[in-house]
Every structure is written in structure tokens, then in C-alpha cells.
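Asker: predicted coordinates and the sequence they were generated for:
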Amino acid sequence: MVTAPVARPLVTPPWPSREDNVLAEPAVPYEGSGMATTPRPRQRTVHDVLLALALLLLDVGFVLFAVFTLLFRPWGSRYDPERPGPPPMDWVPVLTFGAITAGILLLAFALWRGGWSWAPGGQFAAALLLAFLTVHGATQEWARSHPAPPPAQAPVEGRCVCTSGGGPCECPGG
């Protein structure tokens, strides 16, 4: 019986490949010899949850500090002269909360890459909530700075002033 030759790569690597070990026995070498195994990673669920809570409290602290400092900004504008028309859009709160959101997202991504499980989830949730509030605030600010035009008044036709000399208009009732 003739078998077809097995296609091998033209260049074989210098290390043993999987195809070279096809006929080896499935037994583990040195079984029972007391070889050291790699330790399992420790479960750090309690530390993970505590870190998640601490980071969420830190996030709330950053947001409250930003809100507190942004509340004092309008006090300086009392001395500015009033400008006609709608006020311009204030980008400072949008950019401030956008930067805090980006920082929380970067921290969440770093924690996720570090193997934590609960802490990045809390950070992602906080970033999602803060991003939603930032976009909502930006749309409210845009609506405030771009008010709807006043409704147009319908033109009044045929209105003429009745003078004693007559004219092209006829005076109603007389």
C-alpha cells in the first residue's frame, strides 16, 4: 500500500514542533518526582471590592470638588457688562467633567489590564454615568446659548388709516 508523503514546510524550525511529537507517549515525564508546580494566583476578592469602593469614593470626591469650584465661577461675572443676545456657550464645565471621565476610564482600563475584576467594573460604571451627565450638561448649555427664535407674526393685510380726505382705502363704518 502506497501512502502519500506528508507535506512538510520547506524550512523546519530548530526547536521540536508538534508534528515531531505525534508518536510520543502521553505519560508525563518525572511523574511523582515532586516537581514544583506554579502556584495558583491568590483570590483577592475582598481587596478588589474594597479597592472598588475606595476608588468610587475618590471619584465622587473629584466630582464634588469640581462642582464646588465651578459654582464659584459666576461670581466674577457679576462685574462684567451685560452683552446683548443670548450668552455664549460655557465650555469649562463640559471640558472639566470630560477630563474627569477620561481619567476614570484610563484608571478602569489599567485596573482591567492588571487582572482586577470588581474595581474596573465600578470605574467603568462611574465613567459611563459621568459621561452621560457630561453630555446632558453640554446639550443643556448648548440649548441655553442657542435659544429658539421668536415666533414670526402674521402679516396684517388691508390695514389702512382712515383720513377725512378719503383715499384708496374705505373707512369701515363710515
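Answerer: Ah, there it is. Residues are numbered from 1 along each chain as shown.
Asker: which parts of the chain are helices?
Answerer: 45-71, 92-113, 118-145 (DSSP state H).
Asker: okay if I get these as TSV plus mean neighbour count and distance to G85?
Answerer: Every C-beta, even on glycine, is put in place using the N, C-alpha and C of the backbone. Converted to TSV, those look like this (neighbours: other Cβ atoms under 10 Å; distance: least, Cβ to Cβ, whole Å):
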stretch	mean neighbour count	distance to G85
helix 45-71	14	24
helix 92-113	16	20
helix 118-145	16	10
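Asker: who wins for proximity to P86 among these?
Answerer: helix 118-145 (5.5 Å; Cβ to Cβ).
Asker: rewinding a little: can I get the helices of the chain in CSV including mean pLDDT?
Answerer: Putting those into CSV (pLDDT from 0 to 100) gives the following:
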stretch, mean pLDDT
helix 45-71, 94
helix 92-113, 95
helix 118-145, 94
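Asker: out of these, nearest to E82?
Answerer: Using Cβ to Cβ, the helices of the chain put helix 118-145 closest to E82, at 15.1 Å.
Asker: neighbours around G115, how many?
Answerer: Using other Cβ atoms under 10 Å, G115 has 10 other residues around it.
Asker: ok so, going back, how about the helices of the chain in a markdown table, adding distance to T3?
Answerer: Formatted as a markdown table, those follow (distance: least, Cβ to Cβ, whole Å):
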| stretch | distance to T3 |
| --- | --- |
| helix 45-71 | 56 |
| helix 92-113 | 49 |
| helix 118-145 | 54 |
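Asker: to R83, which of the ones you listed lies closest?
Answerer: Comparing the helices of the chain under Cβ to Cβ, the one sitting nearest is helix 118-145, at 11.6 Å.
Asker: out of the helices of the chain, which comes closest to P84?
Answerer: helix 118-145 (13.8 Å).
Asker: list the residues that contact L133.
Answerer: F97 (Cβ atoms under 8 Å, 6 or more residues apart in numbering).
Asker: look up how far D48 lies from it.
Answerer: For L133, the distance to D48 equals 26 Å [Cβ to Cβ, to the nearest Å].
Asker: what do you get for G122?
Answerer: Counting by Cβ to Cβ, the gap from G122 to D48 is 10 Å.
Asker: just V67 next, same as before
Answerer: Separation of V67 from D48 (Cβ to Cβ): 29 Å.
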